[in-house]
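Peer 1: give me a model of this one.
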Amino acid sequence: MSSDIARLPDKIHRWSQELGFQQTGITDTNLHEAEQRLQHWLTKGYHGDMAFMARHGLKRSRPALLVENTRSIISVRLDYLPEPQPTIEKRLHDPATAFISRYALGRDYHKLMRNRLQKLAHKIEHEVGPFGYRAFVDSAPVLEKAIAEKAGLGWIGKHSNLINRKAGSWFFLGEIYTDLNLPTDSSATNHCGHCTACIDICPTQAIIAPYQVDARLCVSYLTIELKTAIPESLRPLIGNRIYGCDDCQLVCPWNRFAHLSCEKDFSPRHRLDSALLVELFAWDEKTFLKNTEGSAIRRIGHERWLRNIAVALGNGQKSEAVIQALSQRLSDCTELVAEHIHWALQRLTSLSS
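Peer 2: Modelled structure (predicted):
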């Protein structure tokens with residue numbers, strides 16, 4: 001190994017920090033254990049309708065099949081927590097307020113992180129000359145959490161999220177696949193111990209066993225990935241969560257070490273951190289598209305946005321404003337939305353009788 005390559009990791013860590021990443025690690029491409037876990041998860045059908053999880057074969061767990069000649073992977077962490085956890089918990093426990101997973105309150109992180117990873121790659125290229133690489137931010141079949149764990153950024157907790165001893169779990173991950181043969185960092189060790197807080201708190205009991213999540217039960221899957229009707233038995237458990245779920249992170253003891261993000265792009269937009277359900281339910285498609293421009297929320301579309309809010313309204317308290325909002329929307333909505341509105345109206349009526 002040349003002296004230039006041997007010294008490169010220290011420079012990569014420094015450049016990453018200068019670009020705003022909170023942590024960087026380097027690992028090899030051996031993801032054999034993660035591959036076995038993934039195949040077991042897929043065999044059990046825990047991925048539900050997320051066919052893309054199985055579509056790419058072994059490319060997800062064998063980086064060189066995705067990007068030829070990949071020898072090393074650079075993994076980075078970017079914190080996104082926009083507000084103190086007590087404030088988040090207050091919003092979650094107010095049935096009239098819409099709860100949106102905190103990663104989605106601001107601008108979409110994909111473009112921001114990808115641009116910075118590209119700048120990091122350019123710095124490396126300036127140092128060592130042209131090299132093969134490709135940057136990823138949750139945009140391809142990449143086992144980002146397994147990679148980050150091997151690179152020393154944290155360990156995969158019992159809820160399947162990555163946890164860092166000094167920063168909790170409120171962060172995004174990104175990667176650079178490279179053909180450089182770089183020295184690697186030590187992998188992280190697990191510090192969950194006997195704690196089962198995340199398992200106990202899950203509103204739908206989607207964490208069916210430590211380190212095993214049945215996506216078909218997960219609120220994030222139900223409100224984001226599922227394109228059809230939400231199963232009736234699960235609707236009451238969703239509460240006021242209209243896009244994703246943060247319960248397992250809020251209860252994790254390691255998140256007492258989490259840091260608020262310095263990124264202005266991750267600050268809440270359009271009062272999405274505190275807006276009432278009836279306010280958001282009143283958005284027509286034009287307003288939805290305008291207010292979710294540059295946001296991760298836009299990917300679910302206006303129909304599923306209304307579907308999710310209808311369920312949340314049905315889980316709240318009956319009021320004239322809520323009944324009126326639900327009833328008025330029936331005159332101009334799809335069959336999917338109408339089904340959930342009728343469920344909400346029936347539920348509110350039965351709970352008050």
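
Peer 1: against I12, how distant is the residue nearest to T29 when sequence neighbours are not counted?
Peer 2: Of all residues not flanking T29 in the chain, P63 sits nearest, at 4.4 Å (Cβ to Cβ, 6 or more residues apart in numbering). All C-beta spots, glycine's among them, are computed from the backbone N, C-alpha and C. Going from P63 to I12 by Cβ to Cβ, to the nearest Å gives 18 Å.

Peer 1: so which of those two has more stuff around it?
Peer 2: Between P63 and I12, counted using other Cβ atoms under 10 Å, the more crowded position is P63 (28 against 22).

Peer 1: ok, that one - contacts?
Peer 2: Residues near P63 by Cβ atoms under 8 Å, 6 or more residues apart in numbering: 29, 31, 70, 73, 142, 177.

Peer 1: how deep is the first one tucked in, by neighbour count?
Peer 2: Spelled out, that is T29. By the criterion of other Cβ under 10 Å, T29 has 18 neighbours.

Peer 1: what does stretch 263-274 rub up against?
Peer 2: Contacts to stretch 263-274, defined as Cβ under 8 Å, 6+ apart, come from residues 20, 78-80, 82-83, 91, 97-98, 100, 102, 104-107, 109, 112, 291, 295, 297.

Peer 1: rerun at 7 Å
Peer 2: Contact with stretch 263-274 is made by 80, 82-83, 91, 97, 100, 105-107, 112, 291, 295, as judged by Cβ atoms under 7 Å, 6 or more residues apart in numbering.

Peer 1: how is this structure carved up into domains?
Peer 2: According to automatic domain parsing, the chain comprises the domains 3-82+104-178, 276-353.

Peer 1: over to Q328. Which of the three states is it?
Peer 2: Secondary structure for Q328, judged by DSSP: H, G, I helix; E, B strand; the rest coil, is helix.

Peer 1: for the closest residue to G314 other than its chain neighbours, list the residues it contacts.
Peer 2: In space, and not counting its chain neighbours, G314 is closest to A344: 2.8 Å by Cβ to Cβ, 6+ apart. Shown in contact with A344 (Cβ under 7 Å, 6+ apart): 310-311, 313-314, 326.

Peer 1: let me know the helix or strand that the closest residue in space to A282 that isn't next to it in sequence is in.
Peer 2: Nearest residue to A282, sequence neighbours excluded (Cβ to Cβ, 6+ apart): A325, at 6.7 Å. Secondary structure from DSSP states H and E places A325 in helix 320-329.

Peer 1: next helix or strand past that helix?
Peer 2: Next helix or strand after helix 320-329 toward the C-terminus (DSSP H and E): helix 335-352.

Peer 1: can you check what pLDDT the model gives S350?
Peer 2: Note on S350: pLDDT of 87.

Peer 1: just give me the neighbour total for it.
Peer 2: Close neighbours of S350, defined as other Cβ under 10 Å, add up to 8.

Peer 1: so how far is N240 from it?
Peer 2: In this view, S350 and N240 are 19 Å apart by Cβ to Cβ.

Peer 1: for stretch 238-250, which outside residues touch it?
Peer 2: 85, 88-89, 95, 97-102, 104, 159, 161, 169-170, 198, 201-203, 219-220, 222-224, 255, 277, 297, 308-309, 311-312, 315-316.

Peer 1: from the chain's centre, how far out does that stretch sit?
Peer 2: Here stretch 238-250 is found 11 Å from its chain centre; the criterion is Cα atoms, centre = their mean, to the nearest Å.

Peer 1: which among the contacts of stretch 238-250 count as buried?
Peer 2: Among those, the ones that count as buried by 16 or more other Cβ atoms under 10 Å are 85, 88, 97-102, 104, 159, 161, 169-170, 198, 201-203, 219-220, 222-224, 255, 277, 297, 308-309, 311-312, 315-316.

Peer 1: in strands, which of the residues you listed appear?
Peer 2: Counting by DSSP state E, the part of those found in strands is 99-100.

Peer 1: three-state assignment of G25?
Peer 2: Quick answer, by three-state DSSP: G25 is strand.

Peer 1: residues contacting the residue lying closest to N181 once chain neighbours are set aside?
Peer 2: Of all residues not flanking N181 in the chain, R71 sits nearest, at 4.9 Å (Cβ to Cβ, 6+ apart). For R71, the contact set (Cβ under 7 Å, 6+ apart) comprises 29, 178-181.
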